[in-house]
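Predicted model and sequence below, questions to follow.
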Amino acid sequence: MSESLIKRLEYLGIADMDYLSARILLINGLTHTGLSKAAEAFEKLFKLFLIIEAKITENKHLTQKDLKQYEHKLVKLFKVVMLKLPEKTYHQSVENFFQQLENAYRTRYPESWRDAMFINNLEDLDKLYCYFRNNITINFPKEEQEKIRLFGTFIMKAYNKDVIGYIKKLDGMSPKEAISRHNKYINEFNIDLNQLL
């Protein structure tokens, strides 16, 4: 079994934490960095989808080398994923959203700077992350279905009451607050919100 397939829960957990980080940054007006972090979250989700889809449809184990061809080309990854989903049509604004994330990721360093305008669209981030996370995790093995309902999977287990207390002491948001605040799609996520502190 490929290393990537074995680590599917880890990929999901890290993607979830990247998404949570993006939300916190965007809520606090750090748009460019938030969009860059959102790009990383979707890149992990899309690559996870391709890993699982290749195993299910072709009994093929994708490796890091197989996934390397996509580099950080989020729009390309998005289009490949959409071709493999039953619902193949999407509004141009969705592709535009992923193009903006790709542009933000690409312009993280001064050598790549150019005139760009980034729009802080938390609602689209939430709607699309929820949609793709739900569509990807539905294909996880039955024995892992309960684990995927814990947002952040294994990483979230580190957030005990002491850690949450420290976050609160710094006037920060707990993971539960960070995912829930201003999130119109929170009840559509296939997660157990009660497991979060």
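Noted; the coordinates are in hand.

Can you show me the helices along the protein?
All helices of the chain, identified by DSSP state H, fall at 3-6, 8-27, 31-58, 64-68, 74-84, 92-106, 122-137, 145-148, 161-169, 175-180.

how about stretch 21-33 as CSV, C-alpha atoms only?
Output in CSV follows, covering the C-alpha atoms of stretch 21-33 (Å, rounded to 0.1, in the frame of the first residue of the first chain):
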residue,chain,number,x,y,z
SER,A,21,-5.7,28.7,9.9
ALA,A,22,-7.0,30.4,6.8
ARG,A,23,-10.3,31.2,8.5
ILE,A,24,-8.6,32.8,11.5
LEU,A,25,-6.4,34.9,9.2
LEU,A,26,-9.3,36.0,7.0
ILE,A,27,-11.5,36.8,10.0
ASN,A,28,-8.8,39.0,11.2
GLY,A,29,-8.2,40.8,7.9
LEU,A,30,-5.0,39.1,6.9
THR,A,31,-6.3,38.4,3.4
HIS,A,32,-3.2,37.5,1.4
THR,A,33,-1.8,35.1,4.0
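
Generate CSV for the helices of the chain, with mean neighbour count as supplementary columns.
Every residue, glycine included, has its C-beta placed from N, CA and C. What follows is the helices of the chain, written out as CSV (neighbours: other CB atoms under 10 Å):
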stretch, mean neighbour count
helix 3-6, 14
helix 8-27, 21
helix 31-58, 21
helix 64-68, 12
helix 74-84, 17
helix 92-106, 18
helix 122-137, 20
helix 145-148, 15
helix 161-169, 12
helix 175-180, 18
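
Just put the ones you listed in CSV and tack on distance to residue 189 and mean pLDDT.
Shown next, in CSV, are those (distance: least, CB to CB, whole Å; pLDDT from 0 to 100):
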stretch, distance to residue 189, mean pLDDT
helix 3-6, 24, 58
helix 8-27, 10, 96
helix 31-58, 13, 94
helix 64-68, 25, 85
helix 74-84, 19, 93
helix 92-106, 18, 92
helix 122-137, 5, 96
helix 145-148, 11, 94
helix 161-169, 20, 96
helix 175-180, 8, 96
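
Among these, which comes closest to residue 197?
helix 161-169 (4.8 Å; CB to CB).

How about residues contacting the closest one?
The contact list for helix 161-169 (CB atoms under 8 Å, 6 or more residues apart in numbering) reads 173, 174, 197.

please redo it, this time with the cut-off set to 10 Å
Residues from elsewhere that reach helix 161-169, judged by CB atoms under 10 Å, 6 or more residues apart in numbering: 159, 172, 173, 174, 175, 176, 177, 178, 196, 197.
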